[in-house]
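J.: What would the 3D arrangement of this be:
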Amino acid sequence: MLDQTLRSIVATVAAGSGVQVRPAVDLAPAEASKARAALSGNLGLCLGVDLGGGRYLTVAWGTGDVEFLLAGPYLRDHMVSSGANPQLDSDAEARLSRALEAAAGGLREIAGAPRRLLDSSRQIEILSSAVIAISGELQLDAVLRAITELARTFAAAKYAALGVPDASGRLETFITDGMAHSDIEKIGRLPVGRGLLGTLLRGHGPIRLDDLAAHPDAIGFPEHHPPMRTFLGVPIVSRAGEVIGSLYLTEKQTAGGFTVEDEQLIELLARHAAVAIENARLYQLLAADERRLHQILDELPEGVMLLEPAPNRVVVMNQHARNLLDLRPQLPLALDGLCAECEFYDASNRRLPIEATAFARSLITGEPAAREELSVVTPSGVRRTLLVNSAPIQLDDTSGAHICVFQDITAIRDADMLKDDFLSLVSHELRTPLTTIHGGAQLLVSEGERLDPGVRSELLADIHQESARLAALIQNMVQLTHIRAGRVAFEPEPVLLRMLAQRCVRDLAELDPEREMRVDVAPDAVAMADADRVDEMLRNVLHNALKYTPPGTLIEVVGRVDGDSVKLVVRDHGPGIPERDLAHVFDRFERGSQAASGTAGMGIGLYLVRLLVEAQGGTVSIELPDDGGTSVIFTLPRAVGE
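T.: Below is the predicted model:
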């Protein structure tokens, strides 16, 4: 009886806590020796010990070398997760400790008294106290299975079952113990609550029978069902008086049928089982509410974090916050850990320690923080500008929790910077051609026929050249605005890059008739792209090559098929681009060191090229050949079948 009870206790506590529980007789010698050393002089106390690989609880139930239980390994919140061991917070560890202590008390009483003198009700009280102690940690299915196993053990029955009805009174859950899985498969369909089982579900009290077939409500068994004669059925009644299940026991294993004492034991277990089932159902409802709350939080367009003090940590982080910070943390996460992953900066670009950030400061001082700007550099190197609001919320009398909301205002700040840069450049770059046009036109109007024909021709040429430059600047700005706003439509079609390159080179050659320009594009270099956008990209790059290279130097356009792509290279033989500028040549308003030479431009040509290429599924990059000059390299999708 002692060994059977010991095994039942171990299985119940283990199922309820999710932590492995072993009696000393099952331990390896090294584990048993360490556990006994920890228990020395502490008989009956539940102690936390470290046996390597995690935390353990151990409790003695006797004075012998093998009279103790060991629960573990598991991890506490502050311990590094191994990914294999379960984690228990302080409350869960306390419940497991109480369950082990209750189990040890029961084992001591069973071991210390003759079986005939042991009150069976006391056994059930001891074991059910272990169930109650851990029921808050149990999933409903685990609670039902533990109760079913306990009932079969203490009633000395061959078979046990526990049924739970739905709202209509039909059995929706039916847990069995003692019956082989192969027998269950042979029987097939589980009972739905008719006959004698239904009588118990309707709340008519316990039923104890020496021959269940003799009961007027019995309807027999289905084919392949094992024979059953003696029967004990006890309804499980909630605190509100509702029948929420029934325990069914058959085939008493000792002489005679089930006794009055058996009935009393199972009734007592049923009362405790009702509490455990209600607690498990409440746990399920709370878990469902928590899942719904997390789903709602994850759908919000802002990042949301819930912070708790002492220790300062993040306990909730919605999906948008994880994306903004580029984190996938194991929660709870210490604020120091958050700072170790991300870098934070204020509006003046000063790096902040974690305690100086708006959300941490609000948590520490208890004061709200409203609309504070904060920049973060994520672990992947992305920099974002966030607007932070943080305020205390009262979860309980002493929680001190804070809710923190992040809004990503990177695009807004980006637009502000774009506007400022744009206005600065426009005021400079548009003023130069307008001054030339206005001055030349004014001179032509005022002097007219008195000007030398050569001077007049020169003034008209300047006006034409500067007006063309002005038109190009305005066209690029308009195009850039449309692309960023998503108002540019792309119409992919097979594009013969050779013909397109020849046309662009022919047109741009008029700007510098003395310049040698070559086209070497393979006839099979056919891209699937928008021809007008490719033309615009190529003209921008060629125009840059004309502007930034000395007169008379060669410019080449080379195109080849490269797997599923086509590669187009514009190579010049000028001074090249300084390496310090390479990382930024495709940024907006970036003109690099060569802008100091006085070459006109707004620095949006290559930025526009990058946007146009990437919008068509291509790439653009720059290489510096060993023999000097610059190569701008495009890749575009190859036209299938061409």
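J.: these two touch, right, Leu333 and Asn312?
T.: No. Counting by C-beta atoms under 8 Å, Leu333 does not reach Asn312; the two are 10.3 Å apart. C-beta coordinates here come from the backbone N, C-alpha and C atoms, glycine included.
J.: what touches both of the two?
T.: Taking C-beta atoms under 8 Å, 6 or more residues apart in numbering as the contact criterion, no residue touches both Leu333 and Asn312.
J.: Pull the distance from stretch 303-311 to the chain's centre.
T.: 17 Å (C-alpha atoms, centre = their mean, to the nearest Å).
J.: Contacts for that stretch, please.
T.: Contact with stretch 303-311 is made by 297, 313-318, 320-325, 332, 334-335, 359-360, 363-364, 386, 390, 399-408, as judged by C-beta under 8 Å, 6+ apart.
J.: Using neighbour counts, trim these to the buried set.
T.: The neighbour-count criterion (16 or more other C-beta atoms under 10 Å) marks 297, 313-314, 316-318, 320-321, 324-325, 332, 334-335, 359-360, 363-364, 386, 390, 400-408 among the contacts of stretch 303-311 as buried.
J.: tell me the mean pLDDT for the top helix by length along the chain?
T.: Within the chain, and with DSSP state H defining each element, the longest helix by residue count is helix 260-299. Taken as a whole, helix 260-299 has an average pLDDT of 82.
J.: Show me which parts of that helix are buried, residue by residue.
T.: Those buried within helix 260-299 under the rule 16+ other C-beta under 10 Å are 262-263, 265-270, 272-280, 283, 297.
J.: the strands in the stretch 301-450 of the chain, which residues?
T.: When assigned using DSSP state E, counting those that start in this stretch, the strands of the stretch 301-450 of the chain occupy the ranges 303-308, 313-317, 333-334, 343-345, 351-352, 369-377, 383-392, 402-408.
J.: Which strands and helices lie in contact with the third one?
T.: In terms of contact count using 3 or more C-beta pairs under 8 Å, 6 or more residues apart in numbering; DSSP states H and E, strand 333-334 is assigned the packing partners strand 313-317.
J.: mind checking how far the strand it packs on is from the chain centre?
T.: That offset, for strand 313-317, works out to 13 Å (C-alpha atoms, centre = their mean).
J.: any chance of the strands of the stretch 301-450 of the chain in JSON lines, with distance to Pro625 and mean pLDDT too?
T.: Written out in JSON lines, the entries for those read as follows (distance: least, C-beta to C-beta, whole Å; pLDDT from 0 to 100):
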{"stretch": "strand 303-308", "distance to Pro625": "46", "mean pLDDT": "90"}
{"stretch": "strand 313-317", "distance to Pro625": "49", "mean pLDDT": "89"}
{"stretch": "strand 333-334", "distance to Pro625": "49", "mean pLDDT": "86"}
{"stretch": "strand 343-345", "distance to Pro625": "37", "mean pLDDT": "91"}
{"stretch": "strand 351-352", "distance to Pro625": "40", "mean pLDDT": "90"}
{"stretch": "strand 369-377", "distance to Pro625": "34", "mean pLDDT": "90"}
{"stretch": "strand 383-392", "distance to Pro625": "33", "mean pLDDT": "91"}
{"stretch": "strand 402-408", "distance to Pro625": "41", "mean pLDDT": "91"}
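J.: Which stretch among these approaches His464 most closely?
T.: Of all these, it is strand 383-392 that lies closest to His464, at 44.4 Å by C-beta to C-beta.
J.: where does the residue nearest the centre of the chain land on pLDDT?
T.: Among the residues of the chain, the smallest C-alpha distance to the mean C-alpha position (C-alpha atoms, centre = their mean) belongs to Arg328, namely 5.5 Å. Per-residue confidence (pLDDT) for Arg328: 86.
J.: contacting residues around it?
T.: When contacts are counted by C-beta under 8 Å, 6+ apart, Arg328 is found next to Arg322.
J.: Equivalent analysis for Ala525, please.
T.: When contacts are counted by C-beta under 8 Å, 6+ apart, Ala525 touches 496-498, 559-561, 566, 568.
J.: same thing but at 6 Å, please
T.: Residues touching Ala525, when contacts are defined by C-beta atoms under 6 Å, 6 or more residues apart in numbering, comprise 497, 559, 561, 566.
J.: Next SSE downstream of the lowest-mean-pLDDT helix or strand in the chain?
T.: Across the helices and strands of the chain, mean pLDDT, DSSP states H and E gives its lowest value to helix 120-134, namely a mean of 53. Taking DSSP states H and E as the definition, the helix or strand that follows helix 120-134 towards the C-terminus is helix 140-155.
J.: hmm, back to that, roughly how far does the residue nearest to the centre of the chain sit from Arg313?
T.: When distances are taken as C-beta to C-beta, to the nearest Å, Arg328 and Arg313 turn out to be 16 Å apart.
J.: how far away is the residue nearest to the centre of the chain from Leu612?
T.: Counting by C-beta to C-beta, the gap between Arg328 and Leu612 amounts to 34 Å.
J.: returning to that earlier point: now for the longest helix of the chain, which elements pack on it?
T.: Applying 3 or more C-beta pairs under 6 Å, 6 or more residues apart in numbering; DSSP states H and E, one finds that helix 260-299 contacts helix 120-134, helix 140-155, strand 231-237, strand 243-252.
J.: Quick one: distance of that helix to the chain centre.
T.: Per C-alpha atoms, centre = their mean, the displacement of helix 260-299 from the mean C-alpha position of its chain is 28 Å.
J.: Equivalent analysis for stretch 253-269, please.
T.: 52 Å.
J.: Let's see it as PDB, backbone CA atoms only.
T.: Output for stretch 253-269, consisting of C-alpha atoms alone and laid out as PDB, is shown next (Å, rounded to 0.1, in the frame of the first residue of the first chain):
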ATOM      1  CA  GLN A 253     -10.100  -5.500  -6.200                       C
ATOM      2  CA  THR A 254     -10.600  -6.800  -2.600                       C
ATOM      3  CA  ALA A 255     -13.100  -9.300  -1.300                       C
ATOM      4  CA  GLY A 256     -16.700  -8.100  -1.500                       C
ATOM      5  CA  GLY A 257     -18.000  -5.000  -3.200                       C
ATOM      6  CA  PHE A 258     -17.400  -1.300  -2.500                       C
ATOM      7  CA  THR A 259     -18.100  -0.300   1.100                       C
ATOM      8  CA  VAL A 260     -19.600   2.600   2.900                       C
ATOM      9  CA  GLU A 261     -16.100   3.700   3.800                       C
ATOM     10  CA  ASP A 262     -15.200   3.600   0.100                       C
ATOM     11  CA  GLU A 263     -18.200   5.800  -0.600                       C
ATOM     12  CA  GLN A 264     -17.200   8.300   2.100                       C
ATOM     13  CA  LEU A 265     -13.700   8.500   0.800                       C
ATOM     14  CA  ILE A 266     -14.700   9.100  -2.800                       C
ATOM     15  CA  GLU A 267     -17.400  11.700  -1.700                       C
ATOM     16  CA  LEU A 268     -14.600  13.600   0.200                       C
ATOM     17  CA  LEU A 269     -12.400  13.400  -2.900                       C
END
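J.: hey, where'd the helices end up in the stretch 51-200 of the chain?
T.: 90-112, 120-134, 140-155, 181-187, 195-201 (DSSP state H, counting those that start in this stretch).
J.: Most tightly packed of these?
T.: Each of the helices of the stretch 51-200 of the chain was scored by mean neighbour count; the highest is helix 140-155, a mean of 23, by mean count of other C-beta atoms under 10 Å.
J.: Over that helix, what's the mean pLDDT, rounded is fine.
T.: For helix 140-155, the mean per-residue pLDDT is 81.
J.: chain center to that helix, what's the gap?
T.: The answer for helix 140-155 is 37 Å, by C-alpha atoms, centre = their mean.
J.: Now do the residue nearest to Ala103 when sequence neighbours are not counted: how many residues are near it, please.
T.: The shortest distance from Ala103 to any residue other than its chain neighbours is 4.4 Å, reached at Ile9 (C-beta to C-beta, 6 or more residues apart in numbering). Residues near Ile9, counting by other C-beta atoms under 10 Å, number 27.
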